[in-house]
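Enquirer: With the sequence up front, the predicted model follows.
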Amino acid sequence: MSETARRRLRILTWHVHGNYLYYLSQVPHDFYIVTKPGYPPGYAGVGGALPWGDNVHEMPWDAVRAASFDCVLYQHRDHYTRDRETLLSAAQRGLPTIFLEHDPPQEHPTNTRHPVQDPSVLLVHVTPFNALMWDNGVTPVRVIEHGVVVNPAVRYSGTLARGISVVNHLARRGRRLGADVYAEARSKVPLDLVGMDAQAAGGIGEIGNTELAAFMARYRFFFNPIRYTSLGLAVVEAMSIGMPVIGLATTELSTVIRNGGNGYVDTRIDTLVDVMRRLIAQPQTAMRWGRAAARTAQERFGIGRFVTDWEAALRDVSR
């Protein structure tokens with residue numbers, strides 16, 4: 001085994017998606033998170049309820065330039081285009097670099113050139129769909145699909161004859177996140193919404209990260225109304241506890257859900273409503289689909305595979 005493969009790396013990154021960063025921190029290296037006073041968006045620390053390990057460290061903005069790192073991991077275009085020039089030293093800009101792209105293109109879905117155009121940077125996409133839709137240009141690409149950790153004590157019961165959706169700021173984010181789809185479905189079947197500012201769309205509100213799995217477990221099914229996004233971690237977490245998923249047959253979700261197996265996807269809302277009504281009336285069907293969903297999550301989104309994939313990516317860029 002090479003020295004790079006053995007040694008613990010010092011990785012500079014930013015807090016963009018808290019749950020993803022927590023799962024990423026299961027990789028056995030040290031992560032230094034850029035922070036600013038007051039922890040504004042994009043520069044949050046490692047507070048909150050997530051059980052961060054001792055390999056995750058806050059790195060104040062004004063201390064970055066003098067610090068030593070082995071790799072820089074960008075997760076947002078603003079950090080890549082702005083902080084790379086204003087925050088890092090010339091030597092730090094020359095370090096092995098990864099750009100982690102969390103989303104599909106938001107401008108044109110097929111004709112958008114990715115902002116990172118550098119053959120020396122590794123562009124990591126979180127779904128094959130994202131890699132397909134971006135015009136990646138000259139930048140080498142790798143797909144590392146999600147890996148999640150769920151409390152093994154939390155298991156799906158489905159005792160509540162309702163569905164649940166988890167979307168942050170649904171009212172503000174509108175059609176792309178399926179605000180109209182959720183509203184139409186909720187008018188026909190009992191559905192609850194949780195997430196940041198869920199109340200604005202008639203929902204319950206935000207549920208803490210560490211409490212969400214247990215909160216969802218009581219519901220009969222998970223409904224994903226989102227038209228166009230990456231594969232949501234909440235979907236994978238729901239599957240991991242043994243919960244069937246109903247959603248739109250778009251983006252990566254269409255490759256994850258098998259109709260009548262571990263859930264159901266379609267582009268017709270009325271069809272999805274019929275399936276939701278069926279699960280409400282047939283809890284045993286929901287339980288059977290949920291067991292299959294858990295198997296899918298374990299096989300495709302296990303944390304062991306995720307850690308192995310990230311270890312390989314970090315080794316390849318850093319050696």
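Expert: Thanks, I have it.
Enquirer: Buried residues, stretch 87-94. List them.
Expert: For stretch 87-94, burial by neighbour count (16 or more other C-beta atoms under 10 Å) applies to 87-88, 92. C-beta: built from backbone N, CA, C; applies to glycine.
Enquirer: from these, which single one is nearest residue 42?
Expert: residue 87 (11.8 Å; C-beta to C-beta).
Enquirer: list the contacts for the closest one?
Expert: The contact partners of residue 87, by C-beta atoms under 8 Å, 6 or more residues apart in numbering, come to 34, 61, 64-65.
Enquirer: Against residue 178, how distant is residue 24?
Expert: 27 Å (C-beta to C-beta, to the nearest Å).
Enquirer: Which one's more surrounded, those two?
Expert: The neighbour count for residue 24 versus residue 178, taken as other C-beta atoms under 10 Å, is higher for residue 178 (26 against 22).
Enquirer: Show the backbone phi and psi for the more buried one.
Expert: Dihedral angles of residue 178 (phi, psi; degrees, to the nearest 10) stand at phi 80, psi 30.
Enquirer: Spit out the contact partners of residue 306.
Expert: Here residue 306 is in contact with 23, 26, 144-148 (C-beta under 8 Å, 6+ apart).
Enquirer: Could you check how far it is from residue 148?
Expert: Residue 306 is 8 Å from residue 148, by C-beta to C-beta.
Enquirer: can you list residues touching both of those two?
Expert: residue 23.
Enquirer: quick check: domain ranges of the protein?
Expert: 3-147+302-318, 160-300 (automatic domain parsing).
Enquirer: got the residue ranges for the helices in the stretch 201-319 of the chain?
Expert: All helices of the stretch 201-319 of the chain, identified by DSSP state H, counting those that start in this stretch, fall at 209-217, 233-240, 253-256, 269-281, 283-300, 303-318.
Enquirer: Return the helix or strand in the protein with minimum mean pLDDT.
Expert: Ranking every helix and strand in the chain by mean pLDDT, DSSP states H and E puts helix 3-6 at the bottom, with a mean of 56.
Enquirer: going on from that helix, what's the next piece of helix or strand?
Expert: Remark: after helix 3-6, the chain's next helix or strand is strand 10-13, criterion DSSP states H and E.
Enquirer: what's the spacing between that following strand and its chain's center?
Expert: Relative to the centre of its chain, strand 10-13 is centred 19 Å away, using C-alpha atoms, centre = their mean, to the nearest Å.
Enquirer: tell me the contacts of residue 55?
Expert: By C-beta under 8 Å, 6+ apart, the contact set of residue 55 is 25, 28-31.
Enquirer: Distance-wise, check it relative to residue 204.
Expert: 34 Å.
Enquirer: In space, not sequence, find me the middle residue of this structure.
Expert: Among the residues of the chain, the one closest to the centroid is residue 233, at 4.1 Å (C-alpha atoms, centre = their mean).
Enquirer: Show me where the stretch 51-200 of the chain has its helices.
Expert: Using DSSP H, counting those that start in this stretch, helices in the stretch 51-200 of the chain cover 77-78, 84-86, 90-93, 128-133, 170-173, 179-186.
Enquirer: Show me the contact partners of the fifth one.
Expert: Meaning helix 170-173. The contact list for helix 170-173 (C-beta under 8 Å, 6+ apart) reads 167, 177-179, 182, 193, 195, 197-198, 200-201, 203.
Enquirer: switch to 6 Å and redo it
Expert: With C-beta atoms under 6 Å, 6 or more residues apart in numbering as the test, helix 170-173 has contacts from 177, 179, 200-201.
Enquirer: The longest one now?
Expert: With contacts defined as C-beta under 6 Å, 6+ apart, helix 179-186 is touched by 165, 170, 225, 269, 273.
Enquirer: What of the fourth one?
Expert: Contacts to helix 128-133, defined as C-beta under 6 Å, 6+ apart, come from residues 104-105, 109, 125, 141, 143, 230, 251-252.
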